[in-house]
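>>> Sharing a model prediction with you, sequence too.
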Amino acid sequence: MHHANVVGVDGSESAVTAVRWAANDAALHRAPLRLLSVGPEALPDAARAADEVNRQRWLDSATRLATEVAPEVQVRSELRRGDPRSVLVEESEQARRVIVGIRGLAERTGLPVGSIADAVAMHAACPVAVVRGRVPEAAARSPVLVGVDGSRVGECAVAAAFEEASVRRVPLVAVHVWTDVAIEPWFPVDDREWEEIDETERAVLAERLAGWQEKYPDVEVRRVVERDRPVRYLIEHAENAQLIVVGSRGRGGMTGMLLGSTSRALLYMAPCPVLIARSPRA
């Protein structure tokens, strides 16, 4: 199933929420859905047999849930062996997007995000949705939120955000926060200079959105330009959003970084699902 939504299933509540979100997303985008449960490779025969029974039960339950949520979506399930992180990253080479919950069944509940979600978000070759926080139903009117910073990787986030807002038929809130990427805090700046910088940054945001607004005339866009820290302001606006879309690296991130500081912070603190957008070369 090339270009399918691939979601990890392990029997946890987090995985159940991820399956529900992935099925809704597959229906919106008319994509197939692939459910994977990945068990450990090295197990004694008796333990392996018991593990397979449990995992098949989880997969059957997830298949029923996905079919209830999105009857029109083609659903397939598969039991694999290996490291879940490696298997899901491998699957990302052919997937449309990989969807994970914030925490697996074997991971400590006190963690803000589990090692599987963290590893897949950093290393996957395709976009990754980490399903966390409040997950509205498909019909919810809450907007999609996108962080816009003007970078090449950020352009992928803008493209993905417009598509998500269009298929969900909701507004798009485009947030451009510029203090820590455009102004060094140790330079004194008076009010008039702040106003001039603000006007410049509003023009930057308008330029970044212009072509996409023409492509998606059905999407209502709300522009927000703030002098603040990106993570804090994105989280504040995400309280009323159904999805945050960000690039894998921001304008201030080094090219070699697998995941930028803003994107990674949102994985740990966002109050709603986070979609990390990637181009094939990102």
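Thanks, I have it.

>>> Identify the bridge partners of R76.
With DSSP bridges applied, R76 shows beta-bridge pairing to R34.

>>> so what's V16 up against?
A62, L65, G101 (Cβ atoms under 8 Å, 6 or more residues apart in numbering). The C-beta positions use only the backbone N, C-alpha and C, and glycine is treated the same way.

>>> Secondary structure, neighbour count and distance to Q94 for the residues you listed - can I get that in JSON lines?
Shown next, in JSON lines, are the contacts of V16 (DSSP: H, G, I helix; E, B strand; the rest coil; neighbours: other Cβ atoms under 10 Å; distance: Cβ to Cβ, whole Å):
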{"residue": "A62", "secondary structure": "helix", "neighbour count": "28", "distance to Q94": "20"}
{"residue": "L65", "secondary structure": "helix", "neighbour count": "17", "distance to Q94": "24"}
{"residue": "G101", "secondary structure": "strand", "neighbour count": "28", "distance to Q94": "21"}
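
>>> By pLDDT, give me the weakest of these.
By pLDDT, G101 ranks lowest within the contacts of V16, coming in at 90.

>>> nearest residue to that one other than its sequence neighbours?
With sequence-adjacent residues excluded and distances taken as Cβ to Cβ, 6 or more residues apart in numbering, G101 is closest to S14, at 3.0 Å.

>>> these two touch, right, that neighbour and V131?
Yes - the pair S14 and V131 qualifies as a contact (Cβ atoms under 8 Å) at a distance of 7.5 Å.

>>> C-terminal to the helix or strand bottoming out on mean pLDDT in the chain, what's the next element?
Of all helical and strand segments in the chain, the minimum by mean pLDDT, DSSP states H and E falls on helix 179-182, at a mean of 50. Using DSSP states H and E, the helix or strand that follows helix 179-182 towards the C-terminus is helix 191-215.

>>> What's the mean pLDDT across that next one?
Taken as a whole, helix 191-215 has an average pLDDT of 77.

>>> Which residues belonging to it are considered buried?
I197, E201, V204, L205, R208, L209, W212 (16 or more other Cβ atoms under 10 Å).

>>> for whichever helix or strand comes after it, packing partners?
Sequence order places strand 221-226 as the next helix or strand after helix 191-215, per DSSP H and E. Judged by 3 or more Cβ pairs under 8 Å, 6 or more residues apart in numbering; DSSP states H and E, strand 221-226 is in contact with strand 172-177, helix 191-215, helix 230-238.

>>> Strands of the chain, start to end?
Taking DSSP state E, the strands of the chain run over residues 5-8, 33-39, 75-81, 97-101, 128-131, 144-147, 172-177, 221-226, 243-247, 274-277.

>>> Nearest to S263 among these would be which one?
strand 243-247 (4.7 Å; Cβ to Cβ).

>>> what's that closest one packed up against?
Counting contacts by 3+ Cβ pairs under 8 Å, 6+ apart, strand 243-247 packs against strand 144-147, helix 152-168, helix 230-238, helix 261-269, strand 274-277.

>>> switch the cut-off to 7 Å
Packing partners of strand 243-247 (3 or more Cβ pairs under 7 Å, 6 or more residues apart in numbering; DSSP states H and E): strand 144-147, helix 152-168, helix 261-269, strand 274-277.

>>> Helices along the stretch 1-150 of the chain, start to end?
Secondary structure of the stretch 1-150 of the chain (DSSP state H, counting those that start in this stretch): helices at 13-29, 45-69, 84-91, 115-123.

>>> What is the neighbour count of D45?
D45: 7 surrounding residues under other Cβ atoms under 10 Å.

>>> Then A50?
Quick note: A50 (other Cβ under 10 Å) scores 12 neighbours.

>>> Tabulate the helices and strands packed on strand 243-247 (CSV), appending distance to E239.
Below are the helices and strands packed on strand 243-247 laid out as CSV (distance: least, Cβ to Cβ, whole Å):
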stretch, distance to E239
strand 144-147, 10
helix 152-168, 17
helix 261-269, 12
strand 274-277, 14
